[in-house]
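S.K.: With the sequence up front, the predicted model follows.
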Amino acid sequence: MWSPVGGQRREFTINLITPDNGEKFLVEFSSQTLTNIQGFLSEDPDLTITINRTDLESVMIGTKTLMGDLSALVFLVSPAFRD
């Protein structure tokens with residue numbers, strides 16, 4: 001869908017994978033509707049998020065932040081991003 005302001009694209013697909021419990025979800029936003037389909041993944045997603053379900057639940061209840069987890073991951077994976 002295209003926004004009436006600026007003609008920006010307003011559709012996306014996300015693969016959400018929770019490896020600690022083996023779940024996977026296809027999350028789509030299209031025609032101003034957000035849907036999720038358990039057990040499926042897109043072959044060409046705009047974004048793939050892999051996060052343990054336990055960490056995701058902590059983010060959802062507000063005891064952790066997603067950005068905090070991402071910063072920790074970048075710190076571990078790439079020493080160039082430490083400073």
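M.R.: Sure, I can see it. Numbers count the residues shown, from 1 in each chain.
S.K.: ok, Phe40 - contacts?
M.R.: Residues near Phe40 by Cβ atoms under 8 Å, 6 or more residues apart in numbering: Lys24, Phe25, Leu26. The way it works is simple: take the backbone N, C-alpha and C, and place the C-beta from them, glycine included.
S.K.: repeat that with 10 Å
M.R.: Contacts of Phe40 were listed using Cβ atoms under 10 Å, 6 or more residues apart in numbering, and they are Asn15, Lys24, Phe25, Leu26.
S.K.: Also Phe29?
M.R.: For Phe29, the contacting residues are Met1, Arg10, Glu11, Phe12, Thr13, Ile14, Thr35, Asp46, by Cβ under 10 Å, 6+ apart.
S.K.: Helix or strand: which one has it?
M.R.: Using DSSP states H and E, Phe29 sits within strand 23-30.
S.K.: With Asn36 instead?
M.R.: Using DSSP H and E, Asn36 maps to strand 33-38.
S.K.: Outside of that strand itself, which residues are in contact with it?
M.R.: For strand 33-38, contacts defined as Cβ under 10 Å, 6+ apart pick out Met1, Phe12, Ile14, Leu16, Glu23, Lys24, Phe25, Leu26, Val27, Glu28, Phe29.
S.K.: Following that strand in sequence, what is the next regular element?
M.R.: Going down the chain from strand 33-38, the next helix or strand is strand 47-50, by DSSP H and E.
S.K.: Show me how the protein divides into domains.
M.R.: The chain breaks down into these domains under automatic domain parsing: 1-50, 53-83.
S.K.: weakest of those domains by average pLDDT?
M.R.: Per-stretch mean pLDDT for the domains of the chain is lowest at domain 53-83 (a mean of 66).
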